[in-house]
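Visitor: I'd like to go over a predicted model; first the sequence, then the structure.
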Amino acid sequence: MKRRIRKAVFPVAGLGTRFLPATKTVPKEMLPIVDRPLIQYAVDEAIEAGCDTLIFVTNRYKHAVADYFDKAYELEDKLARAGKLEQLEMVRNPLPRNVRAVFVTQAEALGLGHAVLCARPVVGDEPFAVMLPDDLIWNRGDGALKQMADAAEASGSSMIAVQDVPRDQTGSYGIVATDDFTGREGRIRGMVEKPSPDDAPSTLAVVGRYVLDPRIFDLLESTDAGAGGEIQLTDAIARLLQDHPVSAYRFRGTRFDCGTHIGLIEATIRYALDHEKLSEAAATMMQSALDELGVREID
Ligand code: G1P
């Protein structure tokens with residue numbers, strides 16, 4: 001595979017029912033963490049990793065995602081006339097000049113594997129990334145996808161991001177069985193989608209960052225519905241690894257599960273406390289909220 005990834009697929013056609021009623025009109029990928037929507041964090045991470053083609057797999061309810069990366073003439077005009085140059089800069093160039101956004105429709109919600117397959121005509125025959133924007137990864141150094149893209153380019157393996165989870169949570173994740181790790185990588189020998197704690201081959205869970213060989217598409221074409229009645233990316237990868245090296249990659253960084261309420265709150269707190277303009281006010285506000293509620297002091 002030893003080619004550098006240039007394309008990243010963002011499956012964003014999910015209904016986001018966990019966040020109803022907000023997601024009745026706002027796609028979950030547009031929910032903000034402090035000052036930017038979730039999708040922006042994932043896009044920035046893909047661009048940092050070297051991607052110049054961003055493929056959004058979307059549906060008829062997700063116009064807000066396309067609008068976000070489009071030009072907003074009226075808004076730009078108003079901001080320019082009002083001399084609000086900082087805000088103008090924020091909305092004027094949603095993507096760097098060399099980066100393009102492509103939108104692909106997933107007409108039916110048949111699962112993550114099916115969503116990735118919808119991107120096939122744009123990805124073609126080259127290695128590519130899949131990024132699930134729900135999984136937000138906070139990092140001071142290289143982003144998680146850049147770490148994985150570097151490792152994939154060096155070794156020629158496909159790479160799947162993983163982290164340890166408590167055993168009682170295996171039913172929420174793809175779970176991998178690996179050889180011993182060398183550094184951050186361990187060759188995957190088996191992979192199963194959302195096993196019960198008793199059936200899980202380990203507690204190493206898949207996090208939403210993948211670098212995949214394009215052979216995955218043929219396998220997805222012939223993958224039947226699996227866990228939850230959906231066509232699972234995990235099931236196709238479990239077949240890919242039988243004749244192509246696939247590694248689990250323990251990334252540097254902290255992952256927030258923004259597909260859950262508590263994960264979204266946790267991410268908001270962390271990013272606020274790390275924000276160059278807001279950190280002090282956020283810390284003071286959190287301390288007084290804790291004091292008022294009589295909860296233990298922040299160390
Ligand atoms: C998806 C994948 C799962 C992975 C998870 C990471 O599940 O199917 O293998 O562990 O993302 O967030 P979902 O959370 O969409 O149900």
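Guide: Everything's here; your move. Quantities reported herein were computed from a predicted structural model and do not represent experimental measurements.
Visitor: use CA for all of it now, contacts and neighbours both
Guide: Noted.
Visitor: quickly list what the residue in the stretch 1-150 of the chain that the ligand sits nearest to is bridged to.
Guide: At 5.8 Å from the ligand, Asp135 is the closest residue in the stretch 1-150 of the chain, using CA to the nearest ligand atom. Counting by DSSP bridges, Asp135 is bridged to Asp257.
Visitor: near the ligand, which residues of the chain are found?
Guide: Contact residues, the chain versus the ligand (CA under 6 Å from any ligand atom): Asp135, Tyr173, Gly174, Glu193, Ala205, Val206, Val207, Gly208, Thr234.
Visitor: contacting residues around the spatially closest residue to the fourth one that is not a sequence neighbour?
Guide: I take that to be Glu193. Spatial nearest neighbour of Glu193, chain neighbours left out: Gly174 (4.2 Å); criterion: CA to CA, 6 or more residues apart in numbering. Taking CA atoms under 8 Å, 6 or more residues apart in numbering as the criterion, Gly174 is in contact with Met191, Val192, Glu193, Lys194, Pro195, Ala205, Val206, Thr234.
Visitor: quick one: name whatever helix or strand follows the host helix or strand of the second one.
Guide: In the assignment (DSSP states H and E), Val192 maps to strand 185-193. Counting by DSSP H and E, the next helix or strand C-terminal to strand 185-193 is strand 204-212.
Visitor: what comes up buried for the helix or strand just after that next one?
Guide: Tracing the chain past strand 204-212, the next element assigned as helix or strand by DSSP H and E is helix 216-221. By 16 or more other CA atoms under 10 Å, the buried positions in helix 216-221 come out as Ile216, Phe217, Leu219, Leu220.
Visitor: export those residues to TSV and tack on pLDDT?
Guide: TSV is the format used below for the buried residues of helix 216-221 (pLDDT from 0 to 100):
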residue	pLDDT
Ile216	97
Phe217	97
Leu219	97
Leu220	97
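Visitor: Glu108: how many residues sit nearby?
Guide: The number of residues packed near Glu108 is 10, by other CA atoms under 10 Å.
Visitor: A strand includes it, no?
Guide: No - assignment of Glu108 by DSSP: H, G, I helix; E, B strand; the rest coil gives coil, placing it outside any strand.
Visitor: can you check the pLDDT for it?
Guide: You'll see Glu108 listed with a pLDDT of 88.
Visitor: ditto for Asp291
Guide: The model reports Asp291 with a pLDDT of 87.
Visitor: Val295 too?
Guide: In this model, Val295 carries a pLDDT of 67.
Visitor: out of the residues of the chain next to the ligand, which is most surrounded?
Guide: Top of the residues of the chain next to the ligand by neighbour number is Ala205, holding 29 neighbours under the definition other CA under 10 Å.
Visitor: isn't it right up against Thr170?
Guide: Yes - between Ala205 and Thr170 there is a contact under CA atoms under 8 Å: 7.1 Å.
Visitor: quick one on the thing from earlier: redo the contacts of Gly174 as CSV? Include pLDDT.
Guide: Shown next, in CSV, are these (pLDDT from 0 to 100):
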residue, pLDDT
Met191, 96
Val192, 95
Glu193, 95
Lys194, 95
Pro195, 96
Ala205, 97
Val206, 98
Thr234, 96
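Visitor: for Lys24, state which of the residues you listed is nearest.
Guide: Within the contacts of Gly174, the smallest distance to Lys24 is 26.9 Å, found for Lys194 (CA to CA).
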